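K.L.:
Predicted model and sequence below, questions to follow.
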Amino acid sequence: MKFSDETLLAYLEGSLDEAQARVIEDAVAEDPTLESHLMALDPYAPVVKQVFEAVPAETPSIDLPVTAAPQSNAGPLRLLAVAASVAVIAVSATFWVTRPKALGWAEQAAIYQSLYSSETIASLDNSPQELDAQFAQAEALLGRSLSRDLLENLPGLDLKRAQVLSFKGKPLVQVVFADARGNPFAFCVIRQGPNAPAKDLNLAVLSGLATATWARDGYGYMLLGGDGQTDLSGELSVLTEAFSG
Amino acid sequence: MSTEQAVRGAIQTHSKRVWRFGLALSGASDVADDLLQATALRALEKHHQVTSYERLDSWLMTICRSIWLNEIRSRSVRKAQALSVTPEAELVAHGPDSETNIFAAQVFTQVMQLPEAQRETVMLVFVEGYSYREAAAMLDVPIGTIMSRLSNARQKLKTVMQHGGTDTVRRSGK
């Protein structure tokens, strides 16, 4: 319902009868726009407001505690603590995601092997006596045969050395070969323990070297080529059969 | 900004309004002092209940009124609906000339002599600028009750207002 300003002013002056006033009040209750308009027309409001706005003349003083009640103070501090712990978690999570993954024995062996050059193996003494001693020591530590005869007869590879290494306290034997061009080639065996899971053959390029890994009966095996493109299939067909358990 | 900081800021910002409302409720400036102080402390205790920083002024007004109704008025001798004595009209005597001061004092006295329900409604709507429905929410009454209280208050203010209005016209015509 529309009301003229004259009607609304009459309401504000109290000139309307009770029924007419009730109609306006009901309409205002339903219509915030009418409410605002009626309030703006009210001649009493600005006068009363002007009088009371001067009271009090001075800003009253309030005695507020410097620090509020304990639970009041705990809020920001607790939030700070939460924020700090969240930050720590976030940093930890970031570190966890971005930190270097703990290297397995195969990765470590590949890094080590990648440092080999043709010169490294050219000067190695691979006399039968030397190899006898090396294989005896290696097989003793591994607790199994390395099938030296088989390794010595791998096509295209010249057996150079059996070297005992260690990875996290586990004996790791690196058997080094020179391929037809004198580049290093390696076959590694690690004793992982009776509870180590068996793993099927996995081909990967690690530290720039073509590699093949597998695991059987508590031992891990790794073949490493001279570079990332080395075809390992010929050696693997022999080795996976010989070292299958 | 924490809710405690927001409440502390609101207390400082609205201290005059809360004191004024306390004066309108109690009719005495010393009680208004106490009401403002108690309101500030209560608001700080309750700061964690604040979910919006937008209407902290009306929140403070509601706390002030609650303290008045529940803790101070019941212990006060001023239980009459209308204040029995004219409360400190010199509070408003700050105008540039005596005629204005007299008019202001008359309006002030007339408002303070309204029944308490009309008085607090006039303060919230006319002085503090809350809408009818905002005042209805703060005082927990229907909007129609707010409007009818204001109508009754206008009738009582009419005499002094018309007198003051005539004075103003006469002075302007000088």
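P.N.:
Perfect, thanks for sending it. Numbering: from 1, shown residues only, chains lettered A, B, ... in the order given.
K.L.:
domain parsing for chain A?
P.N.:
A:5-53, A:105-242 (automatic domain parsing).
K.L.:
and A:R161, that's in a strand?
P.N.:
Yes: counting by DSSP: H, G, I helix; E, B strand; the rest coil, A:R161 is located in a strand.
K.L.:
these two touch, right, it and A:V176?
P.N.:
Yes: assessed by Cβ atoms under 8 Å, A:R161 is found in contact with A:V176 at 4.8 Å. Bear in mind the C-beta positions are built from the backbone N, C-alpha and C, glycine included.
K.L.:
With distance to B:R133, mean pLDDT and mean neighbour count as new columns, can the domains of chain A be given to me in CSV?
P.N.:
Below are the domains of chain A laid out as CSV (distance: least, Cβ to Cβ, whole Å; pLDDT from 0 to 100; neighbours: other Cβ atoms under 10 Å in any protein chain shown):
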stretch, distance to B:R133, mean pLDDT, mean neighbour count
domain A:5-53, 7, 94, 16
domain A:105-242, 72, 91, 16
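K.L.:
can you pull out the helices in chain A?
P.N.:
Remark: helices assigned in chain A by DSSP state H are A:5-13, A:18-30, A:32-41, A:44-53, A:70-98, A:105-114, A:118-122, A:128-142, A:148-152, A:233-242.
K.L.:
how about a markdown table for those helices, with distance to A:R181 added?
P.N.:
Below are the helices of chain A laid out as a markdown table (distance: least, Cβ to Cβ, whole Å):
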| stretch | distance to A:R181 |
| --- | --- |
| helix A:5-13 | 105 |
| helix A:18-30 | 97 |
| helix A:32-41 | 92 |
| helix A:44-53 | 100 |
| helix A:70-98 | 39 |
| helix A:105-114 | 17 |
| helix A:118-122 | 8 |
| helix A:128-142 | 22 |
| helix A:148-152 | 19 |
| helix A:233-242 | 15 |
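K.L.:
and A:L224, which of those helices is closest to it?
P.N.:
helix A:105-114 (4.9 Å; Cβ to Cβ).
K.L.:
returning to what we had before: now the domains of chain A in JSON lines, with distance to chain B?
P.N.:
Formatted as JSON lines, the domains of chain A follow (distance: least, Cβ to the nearest Cβ, whole Å):
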{"stretch": "domain A:5-53", "distance to chain B": "4"}
{"stretch": "domain A:105-242", "distance to chain B": "50"}
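K.L.:
Turn those domains into CSV, including distance to B:Q12.
P.N.:
Converted to CSV, the domains of chain A look like this (distance: least, Cβ to Cβ, whole Å):
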stretch, distance to B:Q12
domain A:5-53, 18
domain A:105-242, 65
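K.L.:
right, and those - which one's nearest B:R119?
P.N.:
domain A:5-53 (10.8 Å).
K.L.:
Isn't A:G193 up against A:K170?
P.N.:
Yes: counting by Cβ under 8 Å, A:G193 does reach A:K170; the two are 7.4 Å apart.
K.L.:
follow-up on the earlier one: between A:R161 and A:V176, what contacts are shared?
P.N.:
Residues touching both A:R161 and A:V176 (Cβ atoms under 8 Å, 6 or more residues apart in numbering or on different chains): A:121, A:124.
K.L.:
which residue is nearest the centroid of chain B?
P.N.:
Computing the C-alpha centroid of chain B and ranking residues by Cα atoms, centre = their mean puts B:F21 first, at 3.2 Å.
K.L.:
distance of that one from B:R65?
P.N.:
According to Cβ to Cβ, to the nearest Å, B:F21 and B:R65 sit 7 Å apart.
K.L.:
Residues that sit against both of the two, list them.
P.N.:
Residues within reach of B:F21 and of B:R65 at once, by Cβ under 8 Å, 6+ apart, are B:E120.
K.L.:
B:I143 - how many residues pack around it?
P.N.:
Residues near B:I143, counting by other Cβ atoms under 10 Å in any protein chain shown, number 20.
K.L.:
oh, I was asking about B:S58
P.N.:
Count around B:S58 with other Cβ under 10 Å applied: 18.
K.L.:
Same question for B:L35.
P.N.:
25.
K.L.:
so it makes contact with B:A28?
P.N.:
No: the pair B:L35 / B:A28 is not scored as a contact, 9.7 Å apart, by Cβ under 8 Å.
K.L.:
Report the separation between A:V66 and B:Q37.
P.N.:
Separation of A:V66 from B:Q37 (Cβ to Cβ): 15 Å.
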